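Q: The following block contains a protein sequence and its predicted model.
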Amino acid sequence: MKLYVTPTSPYGRLAIIAMHDKGLSERIKLVWTQTRQLDDPLLSVNPSGRLPFLLLGDGTGMEDTDLIVDYFDALAPPRTYGIPNGEEHWPFRRFEATARSLLDGGSVWAREIKRPSGEQSPGIIDHERRRALRLAGYFETVIGEGVFNGDLNKPQLLLYCALDLERRIPDFGWRAGCPNLLKWFERLGNLPVIRASLPPGSA
């Protein structure tokens, strides 16, 4: 199997973390690539060109981070990335959705500031900056909840990869007012499976 990812994608990094966490790194080759290239060889196997993309041995494949993580989870039982039942179900899904909002909005912000200065939208940048800092403040108040502790799960990975966008967004200064969130972030960042997910050349 081959996992196509870009070095800067938080979604790709999330998939790589799950790959390491499930012990699949020896079965999957990472292919570092760039998107939006007219001669991109990825387009021959994935017409949408979206990443991350997992190419299977039979020539078929799948895009979408959630789908890829679920597939990794199925390849290496027991499943650990599913949604719990019982009383934990709705809090889990609520935190997962909110963490995804932070990641999605932060990704928009990161892409916008990468554009040439004449093509950037100050309105979008300001909107996503305020949203990201507001959400960081929210997670500061709930980071002690059980869903963010214990074994890795999707809400944790979504939140970690969202906060890690600070490496691409100089103005994402979430650390100063979020000591509890910072402690959590640094603890996860020291996990071997997360350290192993850093792209080549990363600090």
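A: Thanks, I have it.

Q: Where is the longest helix in this structure?
A: helix 89-114 (DSSP state H).

Q: Quick one: work out the angle between whatever helix or strand comes next after it and helix 89-114.
A: Following helix 89-114 in sequence order, the next helix or strand is helix 122-142 (DSSP states H and E). Angle of helix 122-142 versus helix 89-114, following axes from the mean of the first three to the mean of the last three C-alpha atoms, to 10 degrees, is 150 degrees.

Q: Give me the helices and strands touching helix 122-142, please.
A: helix 89-114, helix 154-163, helix 179-189 (3 or more C-beta pairs under 8 Å, 6 or more residues apart in numbering; DSSP states H and E). Heads up, the C-betas are built off the backbone N, CA and C, glycines and all.

Q: how near is residue 111 to residue 104?
A: 11 Å (C-beta to C-beta, to the nearest Å).

Q: if I look at residue 32, how far off is residue 87?
A: 42 Å.

Q: same thing with residue 105?
A: From residue 105 to residue 87 the distance is 29 Å (C-beta to C-beta).

Q: what residue ranges in this structure score low on pLDDT?
A: 37-39, 203 (pLDDT under 70).

Q: any idea how it splits into domains?
A: 2-75, 86-192 (automatic domain parsing).

Q: Tell me which of those approaches residue 198 most closely.
A: Closest to residue 198 of those, according to C-beta to C-beta: domain 2-75, at 7.9 Å.

Q: ok now that closest one, how far from the chain's centre?
A: 13 Å (C-alpha atoms, centre = their mean, to the nearest Å).

Q: circling back to that earlier point, in terms of packing, which of residue 32 and residue 87 has more residues around it?
A: Just comparing residue 32 and residue 87: by other C-beta atoms under 10 Å the higher neighbour count belongs to residue 32, 12 against 8.

Q: and that one, what are its phi and psi?
A: phi -80, psi 130 (degrees, to the nearest 10).

Q: Quick one: residues contacting the residue nearest to it when sequence neighbours are not counted.
A: Excluding its sequence neighbours, the residue lying closest to residue 32 (C-beta to C-beta, 6 or more residues apart in numbering) is residue 7, at 5.9 Å. If a contact means C-beta atoms under 8 Å, 6 or more residues apart in numbering, then residue 7 has 32, 199-202 as its contacts.

Q: same deal with residue 153?
A: Neighbours of residue 153 in contact, by C-beta under 8 Å, 6+ apart: 80-81, 92, 147.

Q: and if you look at residue 125?
A: So residue 125 contacts 109, 112-113 (C-beta under 8 Å, 6+ apart).

Q: Relative to residue 133, how far out is it?
A: From residue 125 over to residue 133 (counting by C-beta to C-beta), the distance is 13 Å.

Q: If anything else comes up later, I'll come back, but that's it for now.
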